[in-house]
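Student: Fold the following, please.
(2 chains)
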Amino acid sequence: MSSERNAGTALQAGQYLMFTLGEETFGCRIACIREIIECPPMTAIPLTPAFLRGVINLRGAVVPVIDLSVRFERGRTALAERTCIVIVEVAGAEGPQLLGVIVDGVTEVLEVDSADLEMRPSLGGGIRADFVAGMIRQGDQFVLALDMDKVLSGDELARLVDIQQQARESASG
Amino acid sequence: MDIQAVRNVLLEEARELLATYEHTLLDIEAQGLDGERINAIFRAAHTLKGSSGMFNLQRVVSFTHLLESLLVRVRSGEQPMGGALISLLLRCGDYLSRLFDKVAEGLDDEDPDPAQRAELIAALEDYLGSVQALKPLAGVPAGSEAQDWLIGIHCHPELFHHGLDPLPFIQYLVGMGELLELALDRELIPSLEDIDPETCYFKVDLLLRTTASREALTQALEFIQEDCDISLEPLEAIVAEAPEAPEASEPAPVESAAPASAPAAPAASGERAARRDEQSMIKVDARKLDQLIDAVGELVTRSARCRTLSLTSARETVETFVEEVDGFIEQLRDRALKLRMAPINEVFQRFPRVVRDVARDLGKDVELQIRGAETELDKTLIDKLADPLMHIVRNALDHGIEPVEARQAAGKPARGRLLLNAYHESGSVVIEVSDDGRGLNAAKIRARAIERGLIGAETLLDEQGVFAMIFEAGFSTAEQVTDLSGRGVGMDVVRRSIEAMRGTLEIQSTLGQGTCFRIRLPLTLSIIDGFQVVVGEAHFVIPLEQVVECLELPANASARQVMSLRGTPLSYVRLAELFELPRDPAARECLVVVQHGQQRTGIVVDRFAGELQAVIKPLNPMLRNVPGLGGSTILGDGRVALILDINSLLATPRRVEHA
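Tutor: Numbers count the residues shown, from 1 in each chain, chains lettered A, B, ... in the order given. Okay, the predicted model is just below:
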């Protein structure tokens, strides 16, 4: 129920950043995007889940980088020339925080009218339904619009990191 | 004019005044009443009333007015000071704190506790006698003692910039007696088009008939005295006559006022000097400090980068230059960090009251001693230290120190002793809470830990290990659960909050003689001296203060995870194994011996990369529970390196051994 409502707020007309992950294109509202950078050297964090690729130095701030492809259960993104990191600001328990998202390439920024937006389908093309805010019509194709607050939910990511720790402790104990 | 900023100053001042008020009362209780102390309390109440008046905080003003009236009588000796009165005055202070909390929330009109207010007012009025209490502080001049005063107030043009408004002071002054004459110097006020609304053009002379003393009149104006030329002259000669208007309106020259006020001046200036001394601490917005420290941090990083570059370009001049810059930056860093330092007294000072109240509630007789209150540490640490320290102190009072009868039966002095002590020791701050109570019973704790399933019945633990059990979640030795502690929550929270500050906690205890909790904290959270190590391609920083020595791992040591270091067994762990990292197969393994608590352990890495100053960058909240990580820092080449938290890093495998 509540995710329906949140999806509604995430699905708004306006500018969307289109980017690719593997073969697929996704869109995400530009309002939460701070900047897009080339992939800098990354420092891995030991003993954390695979979706957390590491941390980077963003002009003095240490920012975690999330591998969206792993988050979508599609395997690790290989770093290539066109690989970018999209820096997004998401709400966290302790105020807004910056997170980096690895994408295979950024294609364009699209002005989307409400007429081109559709509610999300009940099955989200292999992606967890609550990650999808809706769909953007692009000619005769549809692109999934992601709900970044859900995809990068600080609470959920932190829980996943903690679960990993507990699993490790009980495994070694 | 930012009213909120001025209000914040008021609130800050109010908190300080209430703290002074409280600890002075406790001093009086412990060491007796003297003129200096009663003056300090009176001044605090009076100042609170005055500054609250400026913000029209009627609830504070009317309450402090009553309080002040009572204190006047204590000061004059009419009202003796006793335990019951001190308790009442302390509770009045508590109520005022809560009132100011409401003001801080912007709820000026809200009473935090109307019932308590009514009760306190009734109690204050009981002391005052109802007639006295209802009278204003200084009423209409009554009888022979009334005197006429010529008061000149010439405001400095920048008065408004200091957030002041002269009008309430004048109204207050007028309320102290009968205003006979008031003259405004209109010459000083420019025509409307030339008026600068932020400049004060106000110059006024009043002729006031009042019974109030010179001191009372001076105090009424003390808030604006720095921003005004004030003259105060008694007109004894013309008391009987109707005052002449021209004389009154003639601006009283400041010089001529000087001799008249001379008798009062030395006392007043002495007091002012004392106050200035108290205020020689400058308040700085913590955010500004953070910004400064950030800038210094950036500078440290840049300088490291600069050093890296100079190594590649290999020019002597560059090196010399870099060294100079380094020296300068180090100085700057130390100074900037010092700005953050505050004396630990900021947290210690609340304990006299806590100990007094808690001891009373428990029916125990406890004397609190405080040592090393001037010891400085990072302000953020001081703030975070308050809760854990409070818990340890309450615990010591509740479980440590025995009731009087038990103490006497054990042949101890009836009065228990609690000591708060702070000192610096090799780059960290040590804070001790020690009591001369019953001490910890290791056997009992062990039994309880087994009963609670925290350890197995066969687990071997040294005394430290047993004592450490009281910090485990869900542990409580209290046979009788009291209101204060012993609910089985808290001590584990204490340990966690100390560890979150990168601190350690130790217990020393002798059964029947007492317990000492020793908290060891880093001086600051912002920058540490670190030792950089490498495993494969990953760089890590170990806090230098924990590094004991570095050596190559002896070739014969690899079989078991224990080696002999100059005859002493030393257990070691491979960082690559702990963190599941690929090793550099070509590297000869090296060993860093680290000190954590009272233990030493070796950490095996591929190579050492030297010392560095690490500006600590906090990690994202999602990474906070990853064991072994204390934060991150940015290296000279711009990469992020992880700072190891040795305590949590080495805690994990040890727990596995026990299980």
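Student: Around chain A, which positions in the stretch 401-550 of chain B sit nearby?
Tutor: B:538-539 (C-beta under 8 Å from any C-beta of the partner chain). C-beta: built from backbone N, CA, C; applies to glycine.
Student: Tell me which residue of the stretch 401-550 of chain B lies closest to chain A.
Tutor: B:A538 (6.7 Å; C-beta to the nearest C-beta).
Student: Was I right to think that residue contacts A:I45?
Tutor: No: using C-beta atoms under 8 Å, B:A538 is not in contact with A:I45; the gap is 9.7 Å.
Student: who has more neighbours, the two?
Tutor: A:I45 (25 against 22; other C-beta atoms under 10 Å in any protein chain shown).
Student: so who does that one touch?
Tutor: Counting by C-beta atoms under 8 Å, 6 or more residues apart in numbering or on different chains, A:I45 makes contact with A:52, A:54-55, A:64, B:623, B:626, B:629, B:642.
Student: Model confidence score at the residue of the stretch 401-550 of chain B closest to chain A, please.
Tutor: On pLDDT, B:A538 comes in at 93.
Student: May I have the phi/psi pair for it?
Tutor: phi -90, psi 140 (degrees, to the nearest 10).
Student: Skip the chain neighbours and tell me the closest residue to it.
Tutor: B:L581 (5.7 Å; C-beta to C-beta, 6 or more residues apart in numbering or on different chains).
Student: How about the contacts made by the one you found?
Tutor: A:46, B:535-536, B:538, B:575.
Student: What about those residues, which are in strands?
Tutor: Using DSSP state E, the members of the contacts of B:L581 that fall in strands are B:535, B:538.
Student: now the contacts of B:L581 as JSON lines including distance to B:L207?
Tutor: Converted to JSON lines, the contacts of B:L581 look like this (distance: C-beta to C-beta, whole Å):
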{"residue": "A:P46", "distance to B:L207": "81"}
{"residue": "B:V535", "distance to B:L207": "85"}
{"residue": "B:G536", "distance to B:L207": "87"}
{"residue": "B:A538", "distance to B:L207": "82"}
{"residue": "B:L575", "distance to B:L207": "83"}
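Student: I'd guessed B:G474 sits against B:E451; true?
Tutor: No: using C-beta under 8 Å, B:G474 is not in contact with B:E451; the gap is 11.0 Å.
Student: pLDDT weak spots in the chain?
Tutor: Looking at chain A here, since you left the chain open. A:1-10, A:121-125, A:171-173 (pLDDT under 70).
Student: Can you look at chain B instead?
Tutor: Those would be B:1-2, B:130-145, B:163, B:236-282, B:313-315, B:426-427, B:476-490, B:524-526, B:556-560, B:652-659, if you go by pLDDT under 70 across chain B.
Student: how about the residue nearest the centre of it, secondary structure?
Tutor: Nearest to the geometric centre of chain B sits B:E346, at 3.0 Å (C-alpha atoms, centre = their mean). Following DSSP: H, G, I helix; E, B strand; the rest coil, we place B:E346 in the helix state.
Student: So what would you say the end-to-end distance of stretch A:118-131 is?
Tutor: Taking C-alpha to C-alpha, to the nearest Å as the measure, stretch A:118-131 stretches 15 Å from start to finish.
Student: Okay, A:Q138 and chain B: tell me how far apart.
Tutor: 33 Å (C-beta to the nearest C-beta, to the nearest Å).
Student: re earlier: now the residue nearest to the centre of chain B. Nearest residue, chain neighbours left out?
Tutor: B:E346 sits nearest to B:I382 (C-beta to C-beta, 6+ apart), 5.3 Å away.
Student: Quick check: buried residues in stretch B:169-179?
Tutor: B:169-170, B:172-173, B:176-177, B:179 (16 or more other C-beta atoms under 10 Å in any protein chain shown).
Student: Spit out the contact partners of B:T510.
Tutor: Neighbours of B:T510 in contact, by C-beta under 8 Å, 6+ apart: B:G439.
Student: Quick one: the helices in chain A, in order.
Tutor: Taking DSSP state H to define them, one finds helices in chain A at A:2-10, A:68-71, A:148-151, A:154-172.
Student: which helices and strands sit right next to the second one?
Tutor: Contacting helix A:68-71 under the criterion 3 or more C-beta pairs under 8 Å, 6 or more residues apart in numbering or on different chains; DSSP states H and E are the following elements: strand A:97-103.
Student: and the angle for the strand it packs on with helix A:154-172?
Tutor: Angle, strand A:97-103 to helix A:154-172, by axes from the mean of the first three to the mean of the last three C-alpha atoms, to 10 degrees: 80 degrees.
Student: Counting by contacts, list what strand A:97-103 packs against.
Tutor: Counting by 3+ C-beta pairs under 8 Å, 6+ apart, strand A:97-103 packs on strand A:14-21, strand A:52-58, strand A:61-67, helix A:68-71, strand A:84-90.
Student: from the chain's centre, how far out does that strand sit?
Tutor: Mean-position distance between strand A:97-103 and its chain equals 7 Å (C-alpha atoms, centre = their mean, to the nearest Å).
Student: Beyond the host helix or strand of B:V358, next helix or strand please.
Tutor: Following DSSP states H and E, one finds B:V358 within helix B:351-362. Per DSSP H and E, the first helix or strand lying C-terminal to helix B:351-362 is strand B:366-371.
Student: Within its sheet, name the partner strands of that next one and how each one runs.
Tutor: Here strand B:366-371 has these sheet partners by DSSP bridges: strand B:416-425 (parallel).
Student: in the partner strand, what counts as buried?
Tutor: Neighbour-count burial for strand B:416-425 [16+ other C-beta under 10 Å]: B:416-422.
Student: Can you tell me what sits against that strand?
Tutor: Outside of strand B:416-425, the residues within contact range by C-beta under 8 Å, 6+ apart are B:344, B:348, B:351, B:355, B:359, B:364-373, B:375, B:393, B:396-397, B:400-402, B:407, B:429-437, B:520, B:523.
Student: cool, stretch B:5-12 as well?
Tutor: B:51-52, B:54-55, B:100, B:103-104, B:163, B:283.
Student: Which one (most neighbours) among these?
Tutor: Counting by other C-beta under 10 Å, top hit in these: B:S52 with 24 neighbours.
Student: How far does the host helix or strand of that residue sit from its chain's centre?
Tutor: B:S52 is located in helix B:35-54, with elements delineated by DSSP H and E. In terms of C-alpha atoms, centre = their mean, the centre of helix B:35-54 is found 21 Å from the chain centre.
Student: how about stretch A:163-173: buried residues?
Tutor: Here stretch A:163-173 shows A:164-165 as buried, counting by 16+ other C-beta under 10 Å.
Student: For that stretch, output the C-alpha coordinates as PDB.
Tutor: Taking C-alpha atoms only, stretch A:163-173 is exported to PDB below (Å, rounded to 0.1, in the frame of the first residue of the first chain):
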ATOM      1  CA  ILE A 163      23.200  -9.400   7.700                       C
ATOM      2  CA  GLN A 164      26.400 -10.100   5.900                       C
ATOM      3  CA  GLN A 165      28.300  -9.500   9.100                       C
ATOM      4  CA  GLN A 166      26.100 -11.700  11.200                       C
ATOM      5  CA  ALA A 167      26.200 -14.500   8.700                       C
ATOM      6  CA  ARG A 168      30.000 -14.300   8.700                       C
ATOM      7  CA  GLU A 169      30.200 -14.300  12.400                       C
ATOM      8  CA  SER A 170      28.000 -17.300  12.900                       C
ATOM      9  CA  ALA A 171      29.700 -19.100  10.000                       C
ATOM     10  CA  SER A 172      33.100 -18.700  11.600                       C
ATOM     11  CA  GLY A 173      31.800 -19.400  15.100                       C
END
